[in-house]
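fold the following.
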Amino acid sequence: MEKISVLFVCMGNICRSPTAHGVFRHLVEQAGLSSEIFIDSAGTYAYYQGEPPDQRAQDVARRHGIDMSDLAARKVVAEDFENFDYILAMDTENYQDLKKRCPEQYQAKVEYFLDYAPDVKEREVPDPYYGGKQGFERVFNLVEVASEGLLTRIKKSFHFRCPTEYDRQQAQRS
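Numbers count the residues shown, from 1 in each chain. I've put the predicted structure just below:
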């Protein structure tokens, strides 16, 4: 089976989408599914191409045990629509931009990320760039809930049997 691929998208790819990338990657690693799920993030604009995530986003993630320092901003490219199974927009502006660029046969891949957080009333992950650190903490919390929902959906849809601690111990003995 090919890897399931997930692309998180915001405007500049330095705050929200790399936070989602880092959080989701962490959850996927904890679930033992890193070899089954490919994760990336991108921006609809190339303002910060090649730059690391905003330091404030990295600081919040680090406080939660997640390292995003290896990520670098990139722009969404045409091939992303074909190559990714899930293309998850952080807000309406980016959702609409992605829908305009997306070829008709891939339109269903473009979704709002927070649709995977059914208990969250908001549909958009707010842009924390011009605010204080509390905005980055809010983004982290929203992203964490949506990431858990997304991983649950992927596991159910693709019938992944996630290893339990018992399974890991048995594998180590073998």
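
residues in contact with E124?
Residues in contact with E124 (CB atoms under 8 Å, 6 or more residues apart in numbering) are M90, D91, T92, Y112, L114. No exception for glycine: its C-beta is placed from N, CA and C like everyone else's.

can you pick the most crowded of these?
The most crowded member of these, judged by other CB atoms under 10 Å, is M90 (30 neighbours).

check what pLDDT that residue gets.
With respect to pLDDT, M90 scores 98.

so it sits against E111, correct?
No - between M90 and E111 there is no contact under CB atoms under 8 Å: 11.0 Å.

for R74, see how far away the nearest residue to E122 once chain neighbours are set aside is.
Excluding the flanking residues, the one nearest E122 by CB to CB, 6 or more residues apart in numbering is L114, at 6.0 Å. Taking CB to CB, to the nearest Å as the measure, L114 falls 22 Å from R74.

same check on Y86?
Taking CB to CB, one finds Y86 at 17 Å from R74.

again with A108
In terms of CB to CB, A108 sits 23 Å off from R74.

quick one: which of those two has more around it?
Taking other CB under 10 Å, A108 and R74 do not tie; R74 has more neighbours (18 against 9).

setting aside sequence neighbours, what's the nearest residue to that one?
A42 is the one closest to R74 (CB to CB, 6+ apart), at 5.1 Å.

can I assume that neighbour sits in a strand?
Yes - looking at A42 with DSSP: H, G, I helix; E, B strand; the rest coil, it is inside a strand.

could you number the chain from 55 rather than 1 from now on?
In the new numbering, first residue 55, that becomes A96.

tell me who's in contact with it.
Contacts of A96 (CB under 8 Å, 6+ apart): L61, F62, V63, N67, S71, A127, R128, K129, V130, V131, D134.

which of those tops the neighbour count?
S71 (33 neighbours).

tell me, how many residues neighbour the residue nearest to A132 when sequence neighbours are not counted?
Take A132 and drop its neighbours on the chain: the residue closest to it by CB to CB, 6+ apart is R155, 7.4 Å away. Using other CB under 10 Å, R155 has 15 other residues around it.
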